[in-house]
Every structure is written in structure tokens, then in C-alpha cells.
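Q: Let me see the structure of the following:
(one chain, ligands or ions: 1)
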Amino acid sequence: MKFNTKVIHGGQENIDPAYNAVMPPIYQTTTFKQKSHGAHQDFEYARSGNPTRAALEKAYASIENGTYGISFGSGLAAIDAVLKLLMPGDEVISTSDLYGGSYRLFDKVFKNFGIKFHFVDMNDASVISNHINDRTKLVWIETPTNPMMNIIDILAVAKITKKHNLLLAVDNTFATPYLQNPLDMGADIVMHSATKYLGGHSDVVQGCLVINDEELAKKLYFIQNASGAVPGPQDCFLVLRGIKTLHVRMQRHCENGKAVAQFLREHPKVDKVYWPGFTDHPNHAIAKSQMRDYGGMVSFTTKASTMDSAINVIENLKVFTLAESLGGVESLAGHPATMTHASIPKVDREQSGIVDALIRLSVGIEDIEDLLADLNQALGN
Ligand code: P1T
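A: Model (predicted):
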């Protein structure tokens, strides 16, 4: 099955044995009757499993070319489950430019449980080797990174993690499986904030992991059930519905993202534009080889170069909505330094390029003329 067919049909055979519904029913139930004491059928208690969730988990696995899909109540809950594979004393090497909430979970929660994190600029993947020791267990990457749009070479990182027998987890939220499939490039775990492009309509918070290895999947299913951060059936239904149009939405996100990036680059009030499709992006060659297009996320700074000027621009936007999050059909604009990445200390943030003048756009699928006119008026022509 090719990708556009998978998003609609992948893993969806026989999802409603009772009535052959084309979409899985929303099984709004906490528990399932046992035939007799101890004689369970497929489902017993809804934290452990639910048919609506099972249909979605099969879809997750299918679109990421994996074997096992595991869903969670949010993207952060999915990351939390991966970190729970570790023990006190273990070490993690993470990209330094990553979603502020992921950083906060690492630095403010798991650090307290004796796990050590090395935050590393991975634009040159070989630097990872400098931080590996006997206690290293996991390498965590995001690519493209949030919000600086850096590209990390998944194949090169996977070569290092395989050599040292480390787990490699890739947060594929920005790219989605429409653009890249990290498991095919040697990753052990793919993670998504399904809140974003997979759900696609800004109406559901959810996360997932996709894995090929059976033993690893068993451990993560155990954590999913034991820790209990599971999504409800209604939310699973919504994400499954969103996935069915992922390919057509992503195609338009990519087209509009490219047009916005090019427009901003030519604009006299704009200073830097961060978008991996530019041929002079530092890792454009890697983006070109590991992604099928460049996505709908664009970050930029204005020449005025102050926090006030950046906030002024996003407050003047009328079609773009000033809001956290990304990946929905509507265009959003945010200020990473005070919003999504406020939990990262200012010095570390600025070292990654997240300066006070940085604006991040999630370019939606509206008419491009309206988006460009909106940016033009907000920038003051
Ligand atoms: O919000 P949640 O579903 O828990 O997902 C967390 C998360 C994980 N990884 C990446 C790359 C993300 O961008 C996010 C959430 N990000 C935002 C809310 C944001 O505006 O960037």
C-alpha cells in the first residue's frame, strides 16, 4: 500500500465486526463484560485497551511504516513513556533546539529522578559521539527542530546509536510521515504530538509512539497501561479522522509554507528566515535527501530585532491567529521566547537562535494570497 492509501485504509480491516461500520464506533465505555470469570475477550478495561483506540493505533503503525502503534493522552505523555524506559544514573543525549515542553520534561522532571541529559547542537551529527559513555542509553532528536527548523541527519545519528547499542527516538511532529519515516532510516522509536498535523484540526490533544521491535513495544505498552496516560475514545476517533486527510493537507501546508518563506525572505522589514527548503539553509542537502518536501513551519526575525517589534507583528495579524500550537488547518503565529520555549533559560535559548525577535508561523491551508497580504500588512508593508 502506498502512503495516500495507507492514511485512509492502513490497519483498518475488520474494525467493526458487529456492523461493519466504515469508521470505528466510539466505544464510550470503561469496561467490557467477561464471558465468565477470567475469560476475557479482546478488551477488558479501557485503560488497557479500547476498540476505537486500537483502530487508531493500527493506523499510527501503518503510516509510520512500523509494526506497533501506541497512543497517549498528549505528545508529552508519549515522551514521558519513553523516558520511563530508563533508570536512575542513565544518560540521554538530546538535541539542544527542541520543543520547550520536551526540554522542561527532561530538565525539570526526569533530571530529579537521576537521569542526566546532554543538550547538544546536532547540526553536525558526529558531535553525539563526544557525549557517549557507559551510562548513555537514549538519543532524542527532533527534525526539523522546533522552532529553528534545523535539520538533523537521521541516518548519520542512527549509525552512531546502532554502533553503541543506544535507543534512537525521533520526534516526527513537524515533518509527519508524509515527509519522512524515521523508522526506515534506523530509528527505534518515532514519536508524534498528534495534537498537530496528525489530528490536523486543532480540536484534540494526543500523542503516539511507533515501534518495530516487539520487546521494546511490549515495554512501552506496559508503561502505557501501568502509568495510564491514555486518550479517550472520542479523541481517538478525531485523530483517526484527521489522519485520513493528512496527505492532502500536508501537500497544501508545504505549498503555502514555501510561498510564505519566499515572500518573507524578499520582504524589506524581514531579517532572517528559517525554512529548510532554501538551498542555502545549512542542512538543506540533508533535508532534501531525508524529506519529501519541507513542511509548513517557518520562523523569522524582523530587522527591528526587538521583542516589542516581534509582538507588534503577531498582534497585527488578522488571518493568522496568535496562539500556541501548530499543524492545524488554520494559520497560527507565535512568539517562542515568551510562549512555547519560555521554559528554556534565556542564555540557552539564545544560543539556539531563539532570540526575543523570533516569530514562528504554522502556515495553514487557507488561500495563499490572503496569508501573504496579512503578513504584508502586519509587517507594515
Ligand atoms: O502538546 P503535546 O501534544 O503534549 O505535544 C508536545 C510536543 C512535542 N513535540 C513537539 C515537536 C511539539 O511541538 C509539541 C507541542 N508543541 C507546541 C504546543 C508548540 O506550539 O510548539
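Q: What sits closest to the closest residue to the ligand within the chain if chain neighbours are left out?
A: As assessed by C-beta to the nearest ligand atom, the ligand sits closest to residue 75 within the chain, at 2.4 Å. Heads up, the C-betas are built off the backbone N, CA and C, glycines and all. Distance criterion C-beta to C-beta, 6 or more residues apart in numbering; nearest residue to residue 75, sequence neighbours excluded, is residue 193 at 2.8 Å.
Q: Distance of the one you found relative to residue 6?
A: 20 Å (C-beta to C-beta, to the nearest Å).
Q: more neighbours, the two?
A: Using other C-beta atoms under 10 Å, the more surrounded residue of residue 193 and residue 6 is residue 193, with 30 against 20.
Q: follow-up on the earlier one: who are the neighbours in contact with the residue of the chain closest to the ligand?
A: Contact analysis of residue 75 by C-beta atoms under 8 Å, 6 or more residues apart in numbering lists 101, 171, 173, 191, 192, 193, 194, 195, 196, 205, 206, 207.
Q: Over to the residue nearest to residue 75: give its phi and psi.
A: Backbone geometry at residue 193, expressed as degrees, to the nearest 10, gives phi -90, psi 100.
Q: which residues does it contact?
A: 74, 75, 76, 78, 99, 171, 173, 206, 207, 327.
Q: Nearest spatial neighbour of the fifth one, chain-adjacent residues omitted?
A: In space, and not counting its chain neighbours, residue 99 is closest to residue 146: 4.5 Å by C-beta to C-beta, 6+ apart.
Q: my guess is the one you found meets residue 98, correct?
A: Yes. Using C-beta atoms under 8 Å, residue 146 makes contact with residue 98 at a distance of 6.4 Å.
Q: Which of these two has more residues huddled nearby?
A: residue 146 (28 against 25).
Q: Then the more buried one would be within a helix, right?
A: No. With DSSP: H, G, I helix; E, B strand; the rest coil as the criterion, residue 146 is located in coil rather than a helix.
Q: For it, give me its contacts.
A: Applying C-beta under 8 Å, 6+ apart to residue 146 gives the contacts 97, 98, 99, 173, 174, 297, 340, 360.
Q: now do 7 Å
A: Residues in contact with residue 146 (C-beta atoms under 7 Å, 6 or more residues apart in numbering) are 98, 99, 174.
Q: Need the three-state assignment for the first one.
A: What it means is residue 98. coil.
Q: From the contact counts, what lies against the longest helix along the chain?
A: If you go by DSSP state H, the chain has its longest helix at helix 246-266. The helices and strands touching helix 246-266, judged by 3 or more C-beta pairs under 7 Å, 6 or more residues apart in numbering; DSSP states H and E, are helix 3-9, helix 176-179, strand 270-274, strand 297-302, helix 368-379.
Q: Now mean pLDDT and distance to the ligand too, for these, in CSV please.
A: Formatted as CSV, the helices and strands packed on helix 246-266 follow (pLDDT from 0 to 100; distance: least, C-beta to the nearest ligand atom, whole Å):
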stretch, mean pLDDT, distance to the ligand
helix 3-9, 98, 20
helix 176-179, 98, 11
strand 270-274, 97, 14
strand 297-302, 97, 9
helix 368-379, 98, 19
